[in-house]
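Chemist: Could you work out the structure for the sequence below:
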Amino acid sequence: MSVQSLLQALSFPYHEPRHGFWGEKTSTLNFCEEDYVMSYYCAEVCNTLTNALFVWLGCKGIRECIKYSHPPIFVVTFTGYLTVGLGSTFFHATLKYPMQLVDELAMIYTTCFMCFATFTYARSARFSACLGIGLVSLAWFITVRYYKTKDPQFHQDAYAVLTATVVFSNMWIMERILRPALKKREESRRGARSPRVPTTNDTITQMWVMVATGLSIFLGGYLIWNLDNQYCNTIRRWRHQLGLPWAVVLEGHAWWHLTYYYIVWRIWIHRCLDGDEEKFQLYWPSMFGMPELLREVETQAMAAQQQISLVRTQQASKQRELRMAQLTRTEISSLPTDTNVYEGVGKMFVALPVSDMKSKLDGQIKDVEGEVDGLGKRLHYLEVSQKNSKDQIDRMLRGGVGMS
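Modeler: Next comes the predicted model:
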């Protein structure tokens, strides 16, 4: 059976477009995902469900800002991010204009919060107040203008300008202000006994990797969304040919929702500008995972857990090798001394006297026993390190210790 036949056998057709639970559409935007073809109760199922990432990341960001005592502006920013997720969820589920405004205006407000966090760092209270008034006025102007015109291009342009301002200004701060500050502190730590801190180049490089990853996801999602709009009729035909559930991968606007990173990036810049690079480190074990800014002790605990898993795997492998060698030696010891035994060498077998084979096995067993013993000591060290890190985390949480 071909792959195409298998997919067709395991798929089921779309329902015909229909009126749904929420009644007539009142939003000024509609997307290439057909309305109510998957569910009577949800207009755009894929676009709705992918907003779960927004909601989860918003809640996670708020919790971590409170846990680590990050500046309050970032709690507000993540609250805005969460509002975008909830607004977008209800917008795509109902296609109602009020929910569309919650979704799109929350994007503007959240980006204004990021502007405030970026440009008020280490500035006077008077400057911060003036900038705050200016941003509130700008947000009000965009809100009124968009509500009156209902022009989606105006909203997209305003959002693009605000986002570009935040991203490019933080790039400038990272290179022109943060890099020299980190370099100076790195030189002052030379020769001093202090916890291991990533070098300036390592930190800035990791930041650039985060920026490149975030922009790639953001622009890639935007490109997919626009292709979805431009070739909508063709893509809809392909979806109906594929059938559900496979056709959901062709729901282009849903991929636009998979965006993140730059709030965490700004918090990291903020902490490094404060001189807290010894206290906070980025934990990003995989390009497919979400980066997290953790206290250094938590980073140590997670790294220790990964090392423990690796050492346990190596230890189990060596113990199997040791048991096999011991079993082979026991079997050979029961053979007459003139018995022909053979040792595998690549794809060949080489004949050896029983005594030579026993000697080789004795040496192999001794070496493996030493390796197993060394792995056991390393495992004990890692487990103690992990326990100490967890105890320190527990003490900080019980004591309400905050890094400000």
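Chemist: where do the helices sit along the protein?
Modeler: Taking DSSP state H as the test, the helices found in the chain are 3-9, 45-49, 52-67, 72-94, 97-119, 125-149, 152-173, 179-189, 200-230, 232-242, 252-256, 262-273, 296-333, 354-399.
Chemist: looking at those, which is closest to Glu343?
Modeler: Checking the helices of the chain against Glu343 by C-beta to C-beta gives helix 354-399 as the closest, at 6.6 Å. C-beta coordinates here come from the backbone N, C-alpha and C atoms, glycine included.
Chemist: any idea of the mean pLDDT for that closest one?
Modeler: The pLDDT scores in helix 354-399 average 74.
Chemist: rewinding a little: possible to save the helices of the chain as TSV with mean neighbour count and distance to Lys279?
Modeler: Shown next, in TSV, are the helices of the chain (neighbours: other C-beta atoms under 10 Å; distance: least, C-beta to C-beta, whole Å):
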stretch	mean neighbour count	distance to Lys279
helix 3-9	10	51
helix 45-49	21	37
helix 52-67	17	13
helix 72-94	22	16
helix 97-119	20	19
helix 125-149	13	25
helix 152-173	15	20
helix 179-189	14	13
helix 200-230	15	13
helix 232-242	14	49
helix 252-256	22	35
helix 262-273	21	8
helix 296-333	15	6
helix 354-399	14	11
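Chemist: Mind checking those helices for the one nearest to Thr26?
Modeler: helix 97-119 (4.4 Å).
Chemist: Off-centre distance for the closest one?
Modeler: Remark: helix 97-119 is offset 22 Å from the chain centroid, using C-alpha atoms, centre = their mean, to the nearest Å.
Chemist: Output the contacting helices and strands for it.
Modeler: For helix 97-119, the elements it packs on are helix 72-94, helix 125-149, helix 152-173, helix 262-273, judged by 3 or more C-beta pairs under 8 Å, 6 or more residues apart in numbering; DSSP states H and E.
Chemist: Turn the ones you listed into a markdown table, including mean pLDDT and distance to Met107.
Modeler: Formatted as a markdown table, the helices and strands packed on helix 97-119 follow (pLDDT from 0 to 100; distance: least, C-beta to C-beta, whole Å):
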| stretch | mean pLDDT | distance to Met107 |
| --- | --- | --- |
| helix 72-94 | 90 | 6 |
| helix 125-149 | 94 | 10 |
| helix 152-173 | 91 | 6 |
| helix 262-273 | 84 | 13 |
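Chemist: Quick one: those helices as a markdown table, columns for distance to Val102 too.
Modeler: Converted to a markdown table, the helices and strands packed on helix 97-119 look like this (distance: least, C-beta to C-beta, whole Å):
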| stretch | distance to Val102 |
| --- | --- |
| helix 72-94 | 3 |
| helix 125-149 | 12 |
| helix 152-173 | 13 |
| helix 262-273 | 19 |
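Chemist: looking at those, which is closest to Ala316?
Modeler: It's helix 262-273; of those, that one is closest to Ala316 (C-beta to C-beta) at 36.5 Å.
Chemist: CA atoms only: put that closest one into CSV for me.
Modeler: In CSV, the C-alpha atoms belonging to helix 262-273 read as follows (Å, rounded to 0.1, in the frame of the first residue of the first chain):
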residue,chain,number,x,y,z
TYR,A,262,12.0,38.5,22.9
ILE,A,263,10.5,39.1,26.3
VAL,A,264,12.9,36.6,27.9
TRP,A,265,15.7,38.2,25.9
ARG,A,266,14.9,41.6,27.3
ILE,A,267,14.8,40.3,30.9
TRP,A,268,18.2,38.6,30.4
ILE,A,269,19.7,41.9,29.0
HIS,A,270,18.1,43.7,32.0
ARG,A,271,19.7,41.3,34.5
CYS,A,272,23.1,41.4,32.9
LEU,A,273,23.0,45.2,32.9
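Chemist: which residues are in contact with it?
Modeler: 61, 65, 70-71, 74, 77-78, 81, 114, 117-118, 121-122, 166-167, 170, 173-174, 177-178, 181-182, 203, 207, 210-211, 214, 277, 279-280, 282, 291-293 (C-beta atoms under 8 Å, 6 or more residues apart in numbering).
Chemist: hmm, 7 Å instead?
Modeler: Here helix 262-273 makes contact (C-beta atoms under 7 Å, 6 or more residues apart in numbering) with 61, 70-71, 74, 77-78, 81, 114, 117-118, 121, 166-167, 170, 173-174, 178, 181-182, 203, 207, 210-211, 214, 280, 282, 291, 293.
Chemist: what residue of the chain is the furthest out?
Modeler: Here the chain reaches farthest from its C-alpha mean at Asp338, the gap being 64.1 Å by C-alpha atoms, centre = their mean.
Chemist: Which residue comes closest to it once chain neighbours are left out?
Modeler: Using C-beta to C-beta, 6 or more residues apart in numbering and skipping the chain neighbours, the partner closest in space to Asp338 is Val354 (7.9 Å).
Chemist: Pull up the gap between the one you found and Leu361, please.
Modeler: 10 Å (C-beta to C-beta, to the nearest Å).
Chemist: now swap in Tyr231 and tell me
Modeler: 67 Å.
Chemist: I'd say Asp103 and Ser88 touch.
Modeler: Yes: if you go by C-beta atoms under 7 Å, Asp103 and Ser88 touch, sitting 4.3 Å apart.
Chemist: Between the two, which contacts overlap?
Modeler: In contact with both Asp103 and Ser88: no residue, using C-beta under 7 Å, 6+ apart.
Chemist: Could you list the low-pLDDT ranges of the stretch 201-350 of the chain?
Modeler: Scanning the stretch 201-350 of the chain with the threshold set as pLDDT under 70 gives 235-236, 238-260, 283-304.
Chemist: switch the cut-off to 50
Modeler: Applying pLDDT under 50 to the stretch 201-350 of the chain flags the ranges 257-258.
Chemist: Please report how far the closest residue in space to Phe113 that isn't next to it in sequence lies from Phe127.
Modeler: Distance criterion C-beta to C-beta, 6+ apart; nearest residue to Phe113, sequence neighbours excluded, is Thr77 at 4.3 Å. Applying C-beta to C-beta, the value for Thr77 to Phe127 is 19 Å.
Chemist: Please apply the same query to Leu352.
Modeler: Taking C-beta to C-beta, one finds Leu352 at 84 Å from Phe127.
Chemist: Repeat that for Tyr121.
Modeler: 11 Å.
Chemist: How about Arg237?
Modeler: For Arg237, the distance to Phe127 - C-beta to C-beta - is 56 Å.
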